[in-house]
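# turn this into a model:
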Amino acid sequence: MQNLSKLTINQLLLIRRTQDKYKDHLQQIEKGNEVIREIEQKISKRTKAIIVVHYGGQSCDMNDIIQIAQKHNLPIVEDCAHALGSVYKKKKCGNIGKVGCFSFYPTKIITTGEGGMVTTNDFIMAKKIRVLKSQGMDVPPNKREKSAKWKYDIVDLGYNYRLDEIRASLGFSQASRINQINKMRIQIAKQYNKFLKNVKGISIPHVKKDRNHIYHLYTIKVEKDYYLTRDELFLKLHNKGVGTTVQYFPLHLMSYNKKLYPKSDFPNSNKLKDQVLCLPIFPKMTHKQVQYVVSLIK
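Here you go, the predicted structure:
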């Protein structure tokens, strides 16, 4: 995934493996308990965590995943890049697993230009993250200044992942509007649902009763009985001034990954890569703009 580019290739493939299973639910290819069994079958002695992707703005089936994690004594890491404000059984995404990872890239619910946020209720984990984000320093510059002490130590191999004050202020200025922004996106999605639900060959997002969907993405699936292929529809919309995108092309088919893992097998992703298409959705999108997009799809 584009917003996970700082992870190692092995972590990316682990995330892709998890996402491959959970895109079934998110794109209406539902297999129920079979999906859970497949995840459990992938766990080995080398497995360090279960990483789940709340794709598009709707939570994964976390109860089932929590049971697996507890059974194998594995922490859960939530990829919440699409899920700022998403809720699963009255609990916010990012507050379910041991760690929640959010993105503030310009296309996300709120933005700081670049950067993100990690949430955790684990004190030890929080302390570790604070050290790692600041080049492994045990005492950051602001605390040294306040305490009138200059001395510090490098206690770990860290990174320069600090969010500067300018970007932080940009994000903070939007924080109070997260619910409002999500409500606007939901209303736009409802319009899409109304106009597209009966279009032959188009599958719209499915929302389960025990969670919400904030529609960071509005992803349709182009079925075989639609009169165009997904790529043909993509080009038609592009030629009419409507920008769409495919989220995402499978990682195991990227050139670099294919060299390292030529025998990777992800049948769900292989199928969905030729079907999914993300329609434009943004808070100030007008009813007229939605109707225009729909008119080109019908």
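
# mind listing the residues bridging to Cys278?
Thr219, Thr245 (DSSP bridges).

# contacts only, for it.
Contacts for Cys278 (CB atoms under 8 Å, 6 or more residues apart in numbering) come out as 217-220, 244-247. For glycine as for every other residue, the C-beta is placed from the backbone atoms N, C-alpha and C.

# put together CSV for those, with pLDDT, neighbour count and distance to Pro140 on each row.
Shown next, in CSV, are the contacts of Cys278 (pLDDT from 0 to 100; neighbours: other CB atoms under 10 Å; distance: CB to CB, whole Å):
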residue, pLDDT, neighbour count, distance to Pro140
Leu217, 97, 23, 36
Tyr218, 98, 25, 40
Thr219, 97, 26, 40
Ile220, 97, 24, 46
Thr244, 98, 20, 43
Thr245, 96, 14, 38
Val246, 96, 16, 41
Gln247, 93, 17, 36
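
# now for these: which two are most distant?
Greatest spacing in the contacts of Cys278, by CB to CB: Tyr218 and Val246 (13.1 Å).

# rewinding a little: which one of the contacts of Cys278 is nearest Val293?
For the contacts of Cys278, the nearest to Val293 is Thr244 (8.7 Å; CB to CB).

# residues contacting that closest one?
By CB under 8 Å, 6+ apart, Thr244 lies in contact with 234, 237-238, 277-280.

# distance check, the spatially closest residue to Gly243 that is not a sequence neighbour against Tyr226.
Of all residues not flanking Gly243 in the chain, Pro280 sits nearest, at 6.0 Å (CB to CB, 6 or more residues apart in numbering). Distance of Pro280 to Tyr226, given as CB to CB, to the nearest Å: 19 Å.

# please apply the same query to Lys258.
From Lys258 across to Tyr226, the span is 29 Å (CB to CB).

# out of those two, which sits in the more crowded spot?
Between Lys258 and Tyr226, Tyr226 has the larger neighbour count (other CB atoms under 10 Å), namely 19 against 13.
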